[in-house]
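Peer 1: quick one: sequence and predicted model below, then my questions.
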Amino acid sequence: MPWKECNPMDERLKFVARRLDGEKMASLCREFGISRKTGYKIFNRYKDSGLEGLNDQSRRPYRQGNRLAFQLERTIVAIKRERPSWGAPKIREKLARQYPMVKAPAKSTVHAVLERHGLVKRRKRRRYKAEGTALSDTQAPNGLWCADYKGEFRLGNRRYCYPLTVSDYSSRYLLACEGLESTKAPMAFTVFERVFKEFGLPQAIRTDNGTPFASPHALFGLSRLSVWWLRLGIAIERIKPGHPQQNGRHERMHLTLKKEATKPASFNFLQQQARFDDFVEVYNNDRPHEALGMRYPAELYTPSAREYRSPHEPEYPFHDRTVRVTQCGRICIGRRKINLSVVFAGQSVGIREVSDRIWLVSFMDFDLGFFDQDEDRVEPAGNPFLPKVLPMCPV
């Protein structure tokens, strides 16, 4: 008889009795239609508590956060309605003075009560919306690189391939074409580090607003990859969403890449990468380019004079203190933990008090936002990267 059609207590008794008679746990669990983990749980409860342990167990939590006596909760609501401008700190203080014999609840508990009764006006947090940035039109090699993923495609072994491509804007020189297993940041880091070591650093890199170049939910749309570029002194350019023509030279190269190196796809990554390598060689050194006056990209491109080195730690001489952001994206000051963004994990930021108990958070030369004594998060300032990161005239 199926488990759910019987009284659960009776079924547990039968299960335990047969187990005590020496039947094997695996066969019993199969017959009763339960997992071995559940079977051992029932039997151990019987061993620990006897028949009482076979009764249905309460799923109510041991404690309930912000659970107050209804009289106290009613008092909090009444005070708020009488004094609509008062927040949780003032209401808590009023309770402590009015009822000294009762332990006053925490400010967060009072706030939760107010929110539960719809008496708190939620402050909308400004969310980053990708809009693109100003775009440069440099005519010098390494003044601007373009990077993107050519649309994924499936190899013969049914695995997806995501080609990451990097090219020089002025000379059209194809710096990299790497077939990757995903668009995750660690793989992109490896490709860019190799390219930086081989060709040096550009003045700026232009991408779209997708991962790993940008992060739609992070502060100012930054990602770990773009933060690393900033640390290296590389400016960020982003095209406007839905306007791939703003990266038109790179997209045109993708059409050629798709036609000559992906159709039909190779069986595995090694074979496909060999085709990409051949394509890069021909594209740079053996394929006349009409926009270059029928010259080869390799005839115009020269490596950057900016050598790749690990960046120095940023210094903040005009700030009150320097703090390293934790791996979970927080700024820790004493016991306080202020949420910033995980894209800054491991980075050093500067903190400066700019008004009474209001602090400014800066990264390198960029002011990120503010936090106060009550809010444990950084409220974004105006986007500092639009005017400062981007070159405003040709390099």
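Peer 2: Arrived safely.
Peer 1: care to break this protein down by domain?
Peer 2: 3-54, 70-116, 145-300, 321-386 (automatic domain parsing).
Peer 1: need the winner for burial among those domains.
Peer 2: Per-stretch averages of neighbours, counted by mean count of other C-beta atoms under 10 Å, single out domain 145-300 among those, with a mean of 18. C-betas here are computed from N, CA, C, even on glycine.
Peer 1: end to end, how far does it reach?
Peer 2: Taking C-alpha to C-alpha, to the nearest Å, domain 145-300 runs 14 Å from one end to the other.
Peer 1: what mean pLDDT does that domain have?
Peer 2: The average pLDDT for domain 145-300 rounds to 92.
Peer 1: picking that back up, I'd like to know which of the domains of the chain lies nearest to L135.
Peer 2: domain 145-300 (5.6 Å; C-beta to C-beta).
Peer 1: I would like the residues contacting stretch 288-307, please.
Peer 2: Residues from elsewhere that reach stretch 288-307, judged by C-beta atoms under 8 Å, 6 or more residues apart in numbering: 141-142, 168, 170-174, 198-202, 233, 249, 283-287.
Peer 1: so can I have JSON lines of the domains of the chain showing distance to E315?
Peer 2: JSON lines is the format used below for the domains of the chain (distance: least, C-beta to C-beta, whole Å):
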{"stretch": "domain 3-54", "distance to E315": "55"}
{"stretch": "domain 70-116", "distance to E315": "37"}
{"stretch": "domain 145-300", "distance to E315": "13"}
{"stretch": "domain 321-386", "distance to E315": "8"}
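Peer 1: where exactly do the strands run in this protein?
Peer 2: Here the chain has its strands, by DSSP state E, at 145-149, 153-154, 160-168, 174-180, 204-207, 235-238, 321-324, 330-333, 336-339, 348-355, 358-363, 366-372, 379-380.
Peer 1: wait, which of these is closest to R97?
Peer 2: Taking these one by one with C-beta to C-beta, strand 366-372 is closest: 25.1 Å.
Peer 1: got the angle between that closest one and strand 358-363?
Peer 2: 150 degrees (axes from the mean of the first three to the mean of the last three C-alpha atoms, to 10 degrees).
Peer 1: please state the offset of strand 366-372 from the chain centre?
Peer 2: 19 Å (C-alpha atoms, centre = their mean, to the nearest Å).
Peer 1: quick one: average confidence on it?
Peer 2: On average, strand 366-372 scores 86.
Peer 1: and that strand, what does it pack against?
Peer 2: strand 358-363, strand 379-380 (3 or more C-beta pairs under 8 Å, 6 or more residues apart in numbering; DSSP states H and E).
Peer 1: adding mean pLDDT and distance to L20, write the ones you listed out as JSON lines.
Peer 2: Listed next are those as JSON lines, based on pLDDT from 0 to 100; distance: least, C-beta to C-beta, whole Å:
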{"stretch": "strand 358-363", "mean pLDDT": "89", "distance to L20": "64"}
{"stretch": "strand 379-380", "mean pLDDT": "82", "distance to L20": "63"}
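Peer 1: format those as CSV; extra columns: distance to P264.
Peer 2: Shown next, in CSV, are the helices and strands packed on strand 366-372 (distance: least, C-beta to C-beta, whole Å):
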stretch, distance to P264
strand 358-363, 46
strand 379-380, 47
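Peer 1: nearest to T38, out of these?
Peer 2: Of these, nearest to T38 by C-beta to C-beta is strand 379-380, at 47.9 Å.
Peer 1: what is that closest one packed up against?
Peer 2: Strand 379-380 packs on strand 366-372, going by 3+ C-beta pairs under 8 Å, 6+ apart.
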